[in-house]
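Enquirer: below: sequence and its predicted model.
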Amino acid sequence: MKTLLIKDCMILTMVEGEKPFLGDIWIVDGRIAKIGPSLEEEADRVILAKNRVAMPGLINTHNHASMSLLRAFSDDLKLMDWLDKKMLPAEARMTREDVYWGTTLGIAEMIASGTTAFADMYVHMDAVAQAVLDSGIRASLTRGMVFLEDDGERRMAEALDLIDNWTGAGDGRITTMLGPHAPYTCPPKPLQGVIELAHKRQIPLHIHLAETIEEGEKIRARYNQTPTEYLHELGMFHDTHVLLAHAVHLNESDVALLRGMRGGVAHNPVSNLKLGCGIAPVRELIEAGVTVGMGTDGAGSATTLDMFAEIKAATWMQKLKHGDPTVLPAESALRMATIESAKLLAIDHEVGTLEVGKRADLILIDLDKPHLQPVHDILALLAYSATGADVDTTIVNGEILMHQRQFQTLQWEEIKREATTRASRLVEGL
Ligand SMILES: CSC[C@H]1O[C@@H](n2cnc3c(O)ncnc32)[C@H](O)[C@@H]1O
Ligand SMILES: [Zn+2]
């Protein structure tokens with residue numbers, strides 16, 4: 001039996017209706033065994049967490065972690081120029097080892113900023129899975145499939161290899177999905193095939209949707225439909241858990257089509273702002289009963305994987321869009337980044353709140369800082385003042401991945417060296 005006791009912290013469980021309280025958390029074999037004041041249980045290790053807030057780890061529902069190698073390489077471009085002229089040529093040079101080290105760099109940033117689980121769509125996914133396994137983080141992995149060239153069968157085979165070989169690995173830390181890339185890269189026939197397979201084997205789907213106005217124009221010209229109508233008509237929302245990344249350009253009837261869907265929307269506000277895509281109809285989606293979680297997208301576009309930046313951007317953008325500061329209050333934004341995101345990855349029975357019996361995926365935030373005092377309202381402080389750099393400790397499955405801002409499972413100097421040399425090679429001459 002492996003035990004860990006976290007003592008004297010302010011506990012924010014994120015369970016609906018529960019207020020923050022001072023207390024302790026006892027973790028046994030990776031799960032929360034007790035939460036309450038003055039616990040006296042024996043433990044192999046004790047963390048004294050005075051002046052710290054314990055909350056569920058943040059869950060990043062849309063990422064391409066390996067793109068951390070392309071951070072700040074190409075900015076201030078329109079999405080299609082950025083993708084076609086810069087990202088795709090650099091990605092064409094990426095080896096399996098590049099993906100391993102790029103993903104590890106992304107994971108290091110996530111652990112350091114309080115993310116305990118993420119959803120990833122990329123290539124060389126066995127390397128991504130290995131990086132997840134080695135680091136101790138939790139992830140939902142997807143082989144991204146573009147069906148514009150004629151090697152779609154190979155991509156499908158790789159997607160299924162990932163699912164068959166890695167689902168449940170790392171004591172259940174790795175889950176998998178099927179990932180058709182986007183409506184504009186997936187024509188009806190292969191997309192229908194993916195949807196039918198997902199249906200038959202009950203595999204969740206992860207896809208980009210309605211990110212830009214240009215995407216809407218492309219799909220209108222090809223099929224005389226909105227991107228959402230296109231996916232709906234192919235049966236995507238009938239009985240499959242679907243993770244929709246972005247969903248910025250939805251009209252009223254698109255939102256109505258998503259009503260009652262399984263899964264929901266990964267909102268990526270920083271990427272949407274930076275690429276000038278627009279503001280997603282988050283309030284309308286939530287009012288329609290659609291689950292909305294939070295993500296960053298890759299660091300190649302968002303530049304950072306700090307989920308605290310997303311929390312701020314999400315709430316500010318909705319307030320601005322509706323001209324109303326009461327829209328998406330602090331608690332709702334924090335819920336989006338924790339339990340709502342857990343629902344999107346279909347892991348909410350295990351993580352997303354601090355509750356007895358759930359996996360111990362949690363973070364400790366250091367309040368002993370000028371920008372986090374005084375403590376009138378801990379929810380407002382976390383949503384509006386905290387940054388990823390305030391995270392002191394990150395724990396996944398009861399394992400300490402970072403403590404007092406020191407990585408426990410990753411070798412930072414090695415990651416930096418590998419990432420620097422590989423990143424230079426990828427972008428040379430582009
Ligand atoms: C086929 S693997 C995933 C693929 O997606 C690309 N990508 C990264 N960010 C975005 C985005 O915001 N919209 C669409 N596609 C994106 C990435 O470069 C990979 O090629
Ligand atoms: Zn993306």
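Expert: Looks like it came in fine. Ligands and ions are numbered 1, 2, ... in the order given.
Enquirer: all contacts plus neighbour counts: C-alpha atoms, from now on.
Expert: OK.
Enquirer: domain parsing for this protein?
Expert: 3-56+353-407, 58-344 (automatic domain parsing).
Enquirer: any chance of those domains in TSV, with distance to Glu428 and mean neighbour count too?
Expert: TSV is the format used below for those (distance: least, C-alpha to C-alpha, whole Å; neighbours: other C-alpha atoms under 10 Å):
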stretch	distance to Glu428	mean neighbour count
domain 3-56+353-407	31	19
domain 58-344	9	21
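Enquirer: my guess is Arg262 contacts His206, does it?
Expert: No: with contacts counted by C-alpha atoms under 8 Å, Arg262 stays clear of His206, the gap being 12.0 Å.
Enquirer: next, show the common contact partners of the two.
Expert: Taking C-alpha atoms under 8 Å, 6 or more residues apart in numbering as the contact rule, Arg262 and His206 both touch Val242.
Enquirer: in the stretch 251-400 of the chain, which spans are strands?
Expert: Assigned by DSSP state E, counting those that start in this stretch, the strands in the stretch 251-400 of the chain fall at 262-267, 291-294, 362-366, 391-396, 399-403.
Enquirer: relative to ligand 1, which of these is closest?
Expert: strand 262-267 (11.4 Å; C-alpha to the nearest ligand atom).
Enquirer: okay if I get the strands of the stretch 251-400 of the chain as TSV plus mean pLDDT and distance to Phe21?
Expert: Formatted as TSV, the strands of the stretch 251-400 of the chain follow (pLDDT from 0 to 100; distance: least, C-alpha to C-alpha, whole Å):
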stretch	mean pLDDT	distance to Phe21
strand 262-267	98	30
strand 291-294	98	25
strand 362-366	98	14
strand 391-396	99	19
strand 399-403	98	22
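Enquirer: got JSON lines for those, with distance to Val123 too?
Expert: Listed next are those as JSON lines, based on distance: least, C-alpha to C-alpha, whole Å:
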{"stretch": "strand 262-267", "distance to Val123": "20"}
{"stretch": "strand 291-294", "distance to Val123": "22"}
{"stretch": "strand 362-366", "distance to Val123": "29"}
{"stretch": "strand 391-396", "distance to Val123": "25"}
{"stretch": "strand 399-403", "distance to Val123": "25"}
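Enquirer: of all those, which lies closest to Ser113?
Expert: Among the strands of the stretch 251-400 of the chain, the nearest to Ser113 by C-alpha to C-alpha is strand 391-396 (5.9 Å).
Enquirer: distance to ligand 1 for the strands of the stretch 251-400 of the chain - can I get that in TSV?
Expert: Supplementary listing: the strands of the stretch 251-400 of the chain in TSV, determined by distance: least, C-alpha to the nearest ligand atom, whole Å:
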stretch	distance to ligand 1
strand 262-267	11
strand 291-294	14
strand 362-366	27
strand 391-396	26
strand 399-403	27
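Enquirer: what sits against Asp368?
Expert: Counting by C-alpha under 8 Å, 6+ apart, Asp368 has contacts Asn51, Arg52.
Enquirer: go with 7 Å
Expert: Residues near Asp368 by C-alpha atoms under 7 Å, 6 or more residues apart in numbering: Asn51.
Enquirer: same question, the one 3 residues further on
Expert: With contacts taken as C-alpha under 7 Å, 6+ apart, His371 has the following neighbours: Ser385.
Enquirer: and it, how close does it get to ligand 1?
Expert: Here the criterion is C-alpha to the nearest ligand atom, to the nearest Å. By it, His371 lies 32 Å from ligand 1.
Enquirer: likewise Asp81?
Expert: 11 Å.
Enquirer: again, but for Thr240
Expert: Applying C-alpha to the nearest ligand atom, the value for Thr240 to ligand 1 is 21 Å.
Enquirer: Met236 too?
Expert: From Met236 to ligand 1 the distance is 19 Å (C-alpha to the nearest ligand atom).
Enquirer: try Lys416
Expert: Distance of Lys416 to ligand 1, given as C-alpha to the nearest ligand atom: 22 Å.
Enquirer: quick one, what contacts the nearest residue to that residue once chain neighbours are set aside?
Expert: In space, and not counting its chain neighbours, Lys416 is closest to Leu105: 7.6 Å by C-alpha to C-alpha, 6 or more residues apart in numbering. By C-alpha under 7 Å, 6+ apart, the contact set of Leu105 is Ser68, Ile415, Ala419.
Enquirer: what's the pLDDT at Leu105?
Expert: The model reports Leu105 with a pLDDT of 98.
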